[in-house]
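Q: kindly generate the corresponding structure for this input.
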Amino acid sequence: MAQTTMAGRQRAALAALAALAALGGPRAAQAIPIYARQTGQACAACHTSFPELTPYGRQFKLNGYTFGGGQSKLPPLAMMMVGSFTNTQQNQQGGAAPHFGDNNNFAYDFASVFYGGVLLPHLGMFGQLTYNNIDKSASWDNTDIRYAQAFKIGGYETVFGASLNNNPTVSDVWNSTPAWGYPWLVSGLAPGPAAHTLIEGGLAQQVVGFEPYVYWNRLLYIEAGGYRSLDGRMLDALGANPNPANPINGVAPYWRVALEPTWGPNSLEIGTFGLHAASVPGGIVGFGTDHVTDVGVDAQFEYLAGVNGVTAQADLITESDAFDASEALGLASHKNDHLRSFHAKASYYYDQTYAATLGYFDIHGSGDAALYGANSLSNSPNSNGFIGELDWIPFNHGGPAFWPWLNVKFGLQYTYYLRLNGGTNNYDGAGNNATGANTLYLFAWLAF
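A: Okay, the predicted model is just below:
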C-alpha cells in the first residue's frame, strides 16, 4: 500500500489530510510468490525479510523480472493480506477510524492481488491491486513494467532498461528510498506525522513515469526520466483520487544515481535521487504554479554470510518549496518553505527467519500555519522517534508441502515518539501528547 503523505499543499485538503495521517497505512510489497514459482527459488533467494532485497533480488528486478528456472504451470497471480492488532498509549476519542474503537483494535488491514513476471522476452511486470479494509477503498497500487537487456561492453556486463511506473522511487532496487524503505508496514489505526516530502508518496498512484536506466559492471546505476499526472477520468477508473491535490504541470524530472561496490558477503550502496515538480495547487488555474524540489542522498549496507545477516539503510531528503501560487491563493503562509526528512534503520537476521530491527525517523522544517495548523498548535511539521520491530518468517526458505510458495511474516512493532507534529505536550491543541501516539502493532503478513 502507498504510505500516508502530505500529498496536498492547501488548506482545503488539510481536513482530509489529518484523517489520512491518523489512518497511516501499509506499504506495498514486492515479495510475491509469483517470482518464486517463476525462478524455482525460495523467497530467501530474493529477500532477507520481504520486501527487503538481497543481491540476487536486485538483479532479478533490474533484469526486468524475467529470470526463469521454475517448473510451475500456475498463472502469474498471487495474493497478499495483513491482519493486525493496534494499541496506542492514549485512546483516540471518537474512534481510531470509522467503525473502529478508541483503542485495542483488531483489523483486517488490506488484501492485494498481484500480476507479475515475464510478459515477453526481456519484458516483465510487477502489478498490484489493493483493497484497503480500513478506509474501505480499492485501487491500483505500486506498478512497475520494465524492459531490460544485458550486454557485454568492453568486457563489462551492462544492463540497459526502462521502467514504466506509477510512483517515484518504485523502480528502485535498494531499500533506502521511499517506496521500499522502512517501515514496510505501519498501523492504519494510529496517529502519525502529518508532514512528508513530496517524493515520499505524495504522487503515488496519481502519475505515470518513464525512466530509462543503465547498470554497469554491477557497480554503477544511472536512471533518469519524468512523471506526468494522470487525468481525473483515468484516476477514477483506477480507483485513485480523481482530484489530486496538486496535479503536475507538464513533466516532473526524476533522477537516480547509485554506486554499489561489493566484496565477499558485503555490499555497500551510496547514492542520490530526486524530483522537481511544478504543480497547480488544487487544480486552480490562473495563479501560476508552485515549485517543489526534493533532493535525497542514501546509503545501504548488507552483510549476508551463512545464517547471519546484517542490513542497514539511511536516507536524507531535503525539500525546497516555492509556493508562488499557493501563497496567492491563501493556501500557504509563506512563499518559500523547506522540509527535511531523515530515516535510518539497522536489522539483524538469523537464517533469514528471525529478525530484529531498530529504526529512527526525523521530520523537520519551516513552520507554516496554512500547511500545518490543522495538525499542529505551533504550526510546525517537526516529528521524530524510534521504531523497534521483531519478526519471524517461518517459510522464507520454502513453504509447507501443500503450497511450497506460501510465506508469512509475524511481526511485533513498537513506535515511540519524541515529538509529533511540532510538540511533545498538547501538540494539536486538543490535549494530545506525542507519547500518547506511541503504538504497539502486532501483525501477520501473509503471501501466497
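Q: nearest residue to the middle of the protein?
A: Nearest to the geometric centre of the chain sits Ala179, at 2.9 Å (CA atoms, centre = their mean).
Q: that residue in helix, strand or coil?
A: helix (DSSP: H, G, I helix; E, B strand; the rest coil).
Q: surely it and Thr169 touch.
A: Yes - assessed by CB atoms under 8 Å, Ala179 is found in contact with Thr169 at 4.2 Å. Heads up, the C-betas are built off the backbone N, CA and C, glycines and all.
Q: one step back: the residue nearest to the centre of the chain and Ala258: what is the separation?
A: Applying CB to CB, to the nearest Å, one obtains 14 Å for the distance of Ala179 from Ala258.
Q: repeat that for Ile134.
A: Using CB to CB, Ile134 is found at 34 Å from Ala258.
Q: got the contact list for Pro193?
A: 21, 361, 363, 381, 383, 420-421 (CB atoms under 8 Å, 6 or more residues apart in numbering).
Q: residues contacting stretch 344-351, please?
A: So stretch 344-351 is contacted by 48-49, 52, 182, 307-315, 355-360, 387, 397 (CB under 8 Å, 6+ apart).
Q: do the same with stretch 276-284
A: With CB under 8 Å, 6+ apart, stretch 276-284 has contacts from 9-10, 12-13, 198, 203, 227, 243-250, 252-253, 287, 289-294, 323, 325-326, 329, 331.
Q: among the residues you listed, which ones are buried?
A: The neighbour-count test (16 or more other CB atoms under 10 Å) marks 9-10, 13, 198, 203, 227, 244-249, 252, 287, 289-294, 323, 325-326, 329, 331 as buried among the contacts of stretch 276-284.
Q: of those, which belong to helices?
A: Residues of those located in helices (DSSP state H): 325-326, 329.
Q: can you redo these as JSON lines with distance to Gly188 and pLDDT?
A: Putting those into JSON lines (distance: CB to CB, whole Å; pLDDT from 0 to 100) gives the following:
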{"residue": "Ala325", "distance to Gly188": "32", "pLDDT": "95"}
{"residue": "Ser326", "distance to Gly188": "29", "pLDDT": "95"}
{"residue": "Leu329", "distance to Gly188": "31", "pLDDT": "94"}
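Q: show me which of those is closest to Ala370.
A: Nearest to Ala370 out of these is Ser326 (CB to CB; 7.7 Å).
Q: how near is that closest one to Phe126?
A: 35 Å.
Q: with Leu120 instead?
A: From Leu120 across to Phe126, the span is 15 Å (CB to CB).
Q: those two: which has the busier surroundings?
A: Between Leu120 and Phe126, counted using other CB atoms under 10 Å, the more crowded position is Phe126 (24 against 10).
Q: how far off centre is the one helix or strand the more buried one maps to?
A: Assigned by DSSP states H and E, Phe126 falls within strand 123-132. With CA atoms, centre = their mean, to the nearest Å as the basis, strand 123-132 stands 14 Å off its chain's centre.
Q: quick check: next helix or strand after that strand?
A: As assigned by DSSP H and E, the chain's next helix or strand after strand 123-132 is strand 137-140.
Q: what mean pLDDT does the next helix or strand after that next one get?
A: Using DSSP H and E, the helix or strand that follows strand 137-140 in sequence is strand 144-153. In this model, strand 144-153 has a mean pLDDT of 96.
Q: can you pull the buried residues of strand 144-153?
A: 144-148, 150.
Q: okay if I get those residues as CSV plus distance to Phe85?
A: Listed next are the buried residues of strand 144-153 as CSV, based on distance: CB to CB, whole Å:
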residue, distance to Phe85
Asp144, 32
Ile145, 36
Arg146, 37
Tyr147, 43
Ala148, 41
Ala150, 46
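Q: for those, which one is nearest Ala370?
A: Taking the buried residues of strand 144-153 together and measuring to Ala370 by CB to CB, the closest member is Asp144, at 35.2 Å.
Q: right, and the closest one touches Ala162 too?
A: No - in this structure, Asp144 is not within contact of Ala162 by CB under 8 Å, at 10.9 Å.
Q: which residue ranges of this protein form helices?
A: Secondary structure of the chain by DSSP H: the helices cover 14-23, 33-39, 43-46, 55-62, 232-237, 324-329, 369-372.
Q: tell me the mean pLDDT for the fourth one?
A: Think helix 55-62. Averaging pLDDT along helix 55-62 gives 96.
Q: quick one: contacts of it?
A: Identification of contacts with helix 55-62 by CB under 8 Å, 6+ apart yields 30, 35, 39, 41, 45-47, 53, 67, 126, 146, 148, 159, 161, 173-174, 213, 215, 218, 221, 262, 267, 302, 304.
Q: separate out the buried members of the residues you listed.
A: Here, 16+ other CB under 10 Å leaves 30, 35, 39, 41, 45-47, 53, 67, 126, 146, 148, 159, 161, 173-174, 213, 215, 218, 221, 267, 302, 304 buried among the contacts of helix 55-62.
Q: what sits against the residue nearest to the centre of the chain?
A: Applying CB under 8 Å, 6+ apart to Ala179 gives the contacts 27-28, 142, 167-170, 172, 201, 204.
Q: can you count the residues close to the residue nearest to Ser378 when sequence neighbours are not counted?
A: Excluding its sequence neighbours, the residue lying closest to Ser378 (CB to CB, 6 or more residues apart in numbering) is Gly422, at 4.2 Å. Neighbourhood size, Gly422 [other CB under 10 Å]: 24.
Q: my guess is Gly422 contacts Gly373. True?
A: No - at 9.9 Å, Gly422 does not count as touching Gly373 under the criterion of CB under 8 Å.
Q: so what sits against both of the two?
A: Asn379.
Q: what average pLDDT does stretch 35-44 get?
A: 92.
Q: so for that stretch, first residue to last residue, what's the gap.
A: 12 Å (CA to CA, to the nearest Å).
Q: starting at the chain centroid, how far to that stretch?
A: Distance, centroid of stretch 35-44 to centroid of chain: 23 Å (CA atoms, centre = their mean).
Q: repeat for stretch 351-364
A: 15 Å.
Q: now swap in stretch 371-386 and tell me
A: Its chain's average C-alpha position is 21 Å from that of stretch 371-386, according to CA atoms, centre = their mean.
Q: now do stretch 166-180
A: Taking mean C-alpha positions (CA atoms, centre = their mean), stretch 166-180 and its chain are 7 Å apart.
Q: can you give me the mean pLDDT across that stretch?
A: Averaging pLDDT along stretch 166-180 yields 97.
Q: ok, now stretch 199-215?
A: What stretch 199-215 shows for mean pLDDT is 97.
Q: same deal with stretch 435-448?
A: For stretch 435-448, the mean per-residue pLDDT is 97.
Q: with just CA atoms, put it into PDB.
A: C-alpha atoms of stretch 435-448 as PDB (Å, rounded to 0.1, in the frame of the first residue of the first chain):
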ATOM      1  CA  THR A 435       3.900   9.900  23.700                       C
ATOM      2  CA  GLY A 436       0.100   9.300  23.600                       C
ATOM      3  CA  ALA A 437       0.600   8.200  20.000                       C
ATOM      4  CA  ASN A 438       3.200   5.500  20.900                       C
ATOM      5  CA  THR A 439       1.900   2.400  19.100                       C
ATOM      6  CA  LEU A 440       2.100  -1.300  19.600                       C
ATOM      7  CA  TYR A 441       1.400  -3.100  16.300                       C
ATOM      8  CA  LEU A 442       1.100  -6.900  16.000                       C
ATOM      9  CA  PHE A 443       0.700  -8.200  12.500                       C
ATOM     10  CA  ALA A 444       0.500 -11.300  10.400                       C
ATOM     11  CA  TRP A 445       1.600 -10.600   6.800                       C
ATOM     12  CA  LEU A 446       0.600 -13.500   4.500                       C
ATOM     13  CA  ALA A 447       1.700 -14.000   0.900                       C
ATOM     14  CA  PHE A 448       0.500 -17.000  -1.200                       C
END
